[in-house]
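Student: Here is my input, please return the structure:
(one chain, ligands or ions: 1)
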Amino acid sequence: QKRNPNEHEFLQAVKEIFNSLVPVFVNHPKYMDYGILDRIVEPERLITFRVPWVDDLGRVQVNRGFRVQYNSAIGPYKGGLRFHPSVNASIVKFLGFEQIFKNSLTGQPIGGGKGGSDFDPKGKSELEIMRFTQSFMTELSQYIGPDIDVPAGDIGVGSREIGFMFGQYKKIRGSFEAGVLTGKGIEYGGSIARQEATGYGTVYFINEMLKDQDFALKGSTVVVSGSGNVSIYAIEKAIQFGARVVACSDSDGFIYDKNGINLDTVKRLKEVETKRISEYVDVHPDAEYFEDCTGIWSIPCDIALPCATQNEIDEATAKVLVANGVKVVGEGANMPSTLGAITIFQNSNVLFAPAKAANAGGVAVSSLEMAQNSGKTSWSFEEVDGKLQEIMTNIYQNCMQAADEYGVPGNLVAGANIAGFTKVADAMVAQGII
Ligand code: NDP
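Tutor: Down below sits the predicted model:
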């Protein structure tokens, strides 16, 4: 805390993990001897840089770029890039720290990293976005590579931005290194099903959890926050499993469609026309639009899937969800629930799927994209989707097993933290104090 004053999100993420690790250190005193906790919270490297670019009016603009190369004990750094005005060192460090354990849980050989910029893509022209991303990559290219650090997308960074960055990296390096970025377009090395992977994976994880329960996705009422990449494909998979998704949002407000939202309309508005979710009601007059996105959690539902951003569910919101009878909360976004909210869910017997397990499908398929790139091959949708399902099932089982082993049966928060941590800690011990 003393070393990282004002880094609230980062301290929150560290606290959440450390709370689970007490029994692990009792069982493995070696981790203490090897200074694992002190080392694991300190990024191997935090790079910040100036990103100058010229807007459409010919004015010079300057943003701040970040890359945190957090931990490379089990593989090259891997994690997305976020373009959002809220990005700062605390946000990048919380995301990078979480990424270490999430990547470990996937069973893939990938370390933890994250990055981004306080650049706001909203309202920018395509050429402005291109100039910005090229400038961003001009600097970032010095620090990344297929066996060093492999960035991907996150909030505000989709396949268009990845495409611009890949083009700039290729130009600077003078070589086509497909494995340097994931989330690429299919025509130049991207993986089929990467776009769907995080949202689908979250719902596969929930489906796995529900196999032991007398309640299923089929026939349930679901609320999903956000309407970006993770949200859209979580909605799609939930509908495929027979759920009725009644609400989604963007940062301005949310829509409620009691008959079940029409995903084609959401996709057209958000993926094709980059419009606001409010315009949904122009096409579906029976649906309602409400300003203030946080209000979405007042809609009664069986399953809540927060898929927008960090800390969107606080204690008060969690109490409303519980009072309205929520049975399952599955985190599609990173750290969408505060520590207080998680405690409320756990104390109310709500089945709670934490982000680092439930949303690991995206980075897992990114790793499959790296494997396809290095083998110069590409797999079918069925192949990738099949591997994704297998990975999500394994993550669920490993988390449950770790929770059992360390005396907290059924606690997926602890299980995910412990299972993700021990693999990285063992690798750090094996590699010595570096
Ligand atoms: P997108 O940019 O595609 O979509 C983000 C969505 O959340 C948009 O609807 C956006 O609304 C909304 N949103 C963003 N910031 C806020 C905010 N401060 N308050 C309310 N709503 C907000 O991002 P992704 O779908 O890729 O990412 C969503 C979450 O999932 C993030 O937490 C990300 O870290 C996490 N994640 C993403 C993965 C991926 O593969 N993409 C993998 C694992 C985790 P608006 O358009 O108005 O900004």
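
Student: Can you tell me whether I have it right that R82 is in a helix?
Tutor: No - read with DSSP: H, G, I helix; E, B strand; the rest coil, R82 is strand and lies in no helix.

Student: Was I right to think it contacts E161?
Tutor: No - at 10.6 Å, R82 does not count as touching E161 under the criterion of Cβ atoms under 8 Å. Every residue, glycine included, has its C-beta placed from N, CA and C.

Student: which residues in the stretch 51-200 of the chain form helices?
Tutor: Along the stretch 51-200 of the chain, counting by DSSP state H, counting those that start in this stretch, helices occupy 89-105, 126-140, 159-173, 194-210.

Student: can you redo these as a markdown table with mean neighbour count?
Tutor: Putting those into a markdown table (neighbours: other Cβ atoms under 10 Å) gives the following:
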| stretch | mean neighbour count |
| --- | --- |
| helix 89-105 | 26 |
| helix 126-140 | 20 |
| helix 159-173 | 19 |
| helix 194-210 | 26 |
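
Student: Export the ones you listed as JSON lines, with columns for distance to F49 and mean pLDDT.
Tutor: Below are the helices of the stretch 51-200 of the chain laid out as JSON lines (distance: least, Cβ to Cβ, whole Å; pLDDT from 0 to 100):
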{"stretch": "helix 89-105", "distance to F49": "12", "mean pLDDT": "98"}
{"stretch": "helix 126-140", "distance to F49": "5", "mean pLDDT": "98"}
{"stretch": "helix 159-173", "distance to F49": "14", "mean pLDDT": "98"}
{"stretch": "helix 194-210", "distance to F49": "27", "mean pLDDT": "98"}
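
Student: need these in TSV with distance to the ligand, can you?
Tutor: Output for the helices of the stretch 51-200 of the chain, formatted as TSV (distance: least, Cβ to the nearest ligand atom, whole Å):
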stretch	distance to the ligand
helix 89-105	6
helix 126-140	13
helix 159-173	10
helix 194-210	4
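
Student: Dump these into JSON lines; add distance to V384 as well.
Tutor: Listed next are the helices of the stretch 51-200 of the chain as JSON lines, based on distance: least, Cβ to Cβ, whole Å:
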{"stretch": "helix 89-105", "distance to V384": "18"}
{"stretch": "helix 126-140", "distance to V384": "26"}
{"stretch": "helix 159-173", "distance to V384": "16"}
{"stretch": "helix 194-210", "distance to V384": "8"}
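
Student: Among the ones you listed, which comes closest to S225?
Tutor: helix 194-210 (12.2 Å; Cβ to Cβ).

Student: Could you figure out how far that closest one is turned away from helix 159-173?
Tutor: 120 degrees (axes from the mean of the first three to the mean of the last three Cα atoms, to 10 degrees).

Student: Which neighbouring elements make contact with the very next helix or strand once past helix 194-210?
Tutor: Following helix 194-210 in sequence order, the next helix or strand is strand 221-224 (DSSP states H and E). Other helices and strands packing on strand 221-224, by 3 or more Cβ pairs under 8 Å, 6 or more residues apart in numbering; DSSP states H and E, are helix 229-240, strand 244-249, strand 303-305.

Student: Please identify the most buried of these.
Tutor: strand 303-305 (a mean of 29; mean count of other Cβ atoms under 10 Å).

Student: For this structure, which segments are assigned as strands?
Tutor: 45-54, 60-71, 77-83, 111-117, 149-152, 221-224, 244-249, 253-256, 288-291, 303-305, 328-330, 351-353 (DSSP state E).

Student: Now distance to E196 too, for the ones you listed, in TSV please.
Tutor: Listed next are these as TSV, based on distance: least, Cβ to Cβ, whole Å:
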stretch	distance to E196
strand 45-54	30
strand 60-71	26
strand 77-83	16
strand 111-117	22
strand 149-152	14
strand 221-224	14
strand 244-249	15
strand 253-256	22
strand 288-291	26
strand 303-305	15
strand 328-330	16
strand 351-353	18
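
Student: how about JSON lines for those strands, with mean pLDDT and distance to the ligand added?
Tutor: Shown next, in JSON lines, are these (pLDDT from 0 to 100; distance: least, Cβ to the nearest ligand atom, whole Å):
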{"stretch": "strand 45-54", "mean pLDDT": "98", "distance to the ligand": "18"}
{"stretch": "strand 60-71", "mean pLDDT": "98", "distance to the ligand": "14"}
{"stretch": "strand 77-83", "mean pLDDT": "98", "distance to the ligand": "6"}
{"stretch": "strand 111-117", "mean pLDDT": "98", "distance to the ligand": "9"}
{"stretch": "strand 149-152", "mean pLDDT": "98", "distance to the ligand": "7"}
{"stretch": "strand 221-224", "mean pLDDT": "98", "distance to the ligand": "10"}
{"stretch": "strand 244-249", "mean pLDDT": "98", "distance to the ligand": "6"}
{"stretch": "strand 253-256", "mean pLDDT": "98", "distance to the ligand": "9"}
{"stretch": "strand 288-291", "mean pLDDT": "98", "distance to the ligand": "12"}
{"stretch": "strand 303-305", "mean pLDDT": "98", "distance to the ligand": "11"}
{"stretch": "strand 328-330", "mean pLDDT": "98", "distance to the ligand": "12"}
{"stretch": "strand 351-353", "mean pLDDT": "98", "distance to the ligand": "13"}
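
Student: Which pLDDT value goes with the residue in the stretch 101-250 of the chain that the ligand sits nearest to?
Tutor: The stretch 101-250 of the chain approaches the ligand most closely through G228 (1.7 Å), counting by Cβ to the nearest ligand atom. G228 is assigned 97 on the pLDDT scale.
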